[in-house]
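Q: One predicted model, sequence on top.
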Amino acid sequence: MVDLSTTYMGLPLKHPVVASASPLSESADGIKRLEDGGAAAVVMFSLFEEQLQHESEAFEHLTTSGTESFPESLTYFPEVEDYHVGPDRYLDLIRRASEACDIPVIGSLNGITSRGWVDTARQMQDAGAKGIELNVYYIPADLGMTGREVEDRYVDVLAAVKQAVTIPVAMKLSPFFSAMGDMARRLDGAGADALVLFNRFYQPDFDLDKLEVKPNLNLSTATEIRLPLLWIAILYGRIRPSLAATTGVHGVEEAIKYLMAGADAVMSTSALLKHGPGFTTTLVNGIRDWMEVRDYDSIQQMKGSMSQKNVADPTAFERANYIKILESYKSDFAA
């Protein structure tokens, strides 16, 4: 019998497939459906910093800064009323879901500063969350801000929350740091229990008829696994925190690749939104079948076997492979 169990951010899981933050977790019934569909854990949809501080000067600045000359840009920011699940309802949802489910329920905080997060993190822990995922959704549009200042923002948020709670804390990262390895080590030093690779910034589009900025949400595709696959393979075995993959998992193949790179958990949103919560069981069964055919006894045996640490040619993850790819490409129009 293949052992599919794994440990993610210190939490024992029956298998590595986790339901990541999505609208499917906006109700206790939805979270229970994810559990019944086979998820080993559920990361709840995010509670936004703006929901905690929308009457503060920080929120006022966020929604008005720079709009004096471009009033159309106000349409990019949602009205306060659009945040339909406030802090009290969110905490109540954690409480009810934790009581109804046997799997870990992980709360999610989405923001750009540590202000207001500390108290809410404590409240999430008290409500029954088994862990917290910090999603620092921040685009540094200030041209005077240095890379170090951006990194410090992440580290400061993590450190503040870690001091406030005893449950494990994961950090969901952007792929846009200039030195991802060093950033991972800094977060490791600040106490991160897991790193989630990577956040997808939902970039706005322009409506040319209304001359407005409009949000444009596209689900991920399987080809998007390559960047997180690269960094999970590089980081595996070199830092203490668990590693979770959270982009492009649309089938068994992507999940297995992530595990072989070194992921402790494989998260999916787009595939579950497309196929329903029961698709988790399809992924788990597919992983088990693949392992049985190839005589793997456990996830632990397979995990990291294709990481940079364990492959015969580590340069396959670095510049040599880049050159090899370019040289091997043959265009239909090549002479």
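A: In hand now; what should we look at?
Q: For the stretch 151-300 of the chain, which segments count as helices?
A: Shown for the stretch 151-300 of the chain, the helices assigned by DSSP state H, counting those that start in this stretch span residues 180-189, 226-235, 252-261, 270-275, 279-293, 299-302.
Q: mean pLDDT lowest for which of the ones you listed?
A: If you rank the helices of the stretch 151-300 of the chain by mean pLDDT, helix 270-275 sits at the bottom with a mean of 90.
Q: CA atoms only for it - export them in PDB, please.
A: Included here for helix 270-275 are C-alpha records, laid out as PDB according to Å, rounded to 0.1, in the frame of the first residue of the first chain:
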ATOM      1  CA  SER A 270      -8.500  26.700 -11.000                       C
ATOM      2  CA  ALA A 271      -9.000  23.000 -11.500                       C
ATOM      3  CA  LEU A 272     -11.500  22.700  -8.600                       C
ATOM      4  CA  LEU A 273     -13.400  25.800  -9.900                       C
ATOM      5  CA  LYS A 274     -13.600  24.200 -13.300                       C
ATOM      6  CA  HIS A 275     -14.300  20.600 -12.400                       C
END
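Q: Which residues does that helix contact?
A: Helix 270-275 is contacted from outside by 19, 22-24, 34, 37, 219-220, 248-251, 279-280, 282-283, using Cβ atoms under 8 Å, 6 or more residues apart in numbering. C-beta: built from backbone N, CA, C; applies to glycine.
Q: now the helices of the stretch 151-300 of the chain in CSV, with distance to L158?
A: What follows is the helices of the stretch 151-300 of the chain, written out as CSV (distance: least, Cβ to Cβ, whole Å):
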stretch, distance to L158
helix 180-189, 6
helix 226-235, 16
helix 252-261, 23
helix 270-275, 26
helix 279-293, 29
helix 299-302, 27
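Q: residues near L109, how many?
A: Each residue near L109 was counted by other Cβ atoms under 10 Å, and the total is 25.
Q: what's the answer for Q300, then?
A: Other residues near Q300 number 14, with proximity taken as other Cβ under 10 Å.
Q: just the one 10 residues further on next, same as before
A: Counted with other Cβ under 10 Å, residues neighbouring N310 total 15.
Q: Surely it touches G304?
A: Yes - between N310 and G304 a contact is recorded at 5.9 Å, counting by Cβ atoms under 8 Å.
Q: which residues do these two both contact?
A: Once Cβ under 8 Å, 6+ apart is applied, the residues that N310 and G304 both contact turn out to be G237.
Q: so what strands line up beside the strand or helix carrying N110?
A: Secondary structure here is read from DSSP states H and E; on that basis N110 sits in strand 105-111. Strand 105-111 sits in its sheet next to strand 42-43 (parallel), strand 47-48 (parallel), strand 131-136 (parallel), going by DSSP bridges.
Q: contacts for it?
A: Residues from elsewhere that reach strand 105-111, judged by Cβ under 8 Å, 6+ apart: 21, 31, 41-50, 52, 90, 94, 97-98, 117, 120-121, 124, 127-137, 157, 161, 170.
Q: Mind checking the strands paired with strand 105-111 for the one nearest to L4?
A: strand 42-43 (17.4 Å; Cβ to Cβ).
Q: so what's the nearest residue to R186 once chain neighbours are set aside up against?
A: Using Cβ to Cβ, 6 or more residues apart in numbering and skipping the chain neighbours, the partner closest in space to R186 is V155 (5.5 Å). V155 sits next to 186-187, 190 when contact means Cβ under 8 Å, 6+ apart.
Q: Most neighbours among these, which one is it?
A: Scoring the contacts of V155 on neighbours with other Cβ under 10 Å, the highest-scoring entry is L187 at 23 neighbours.
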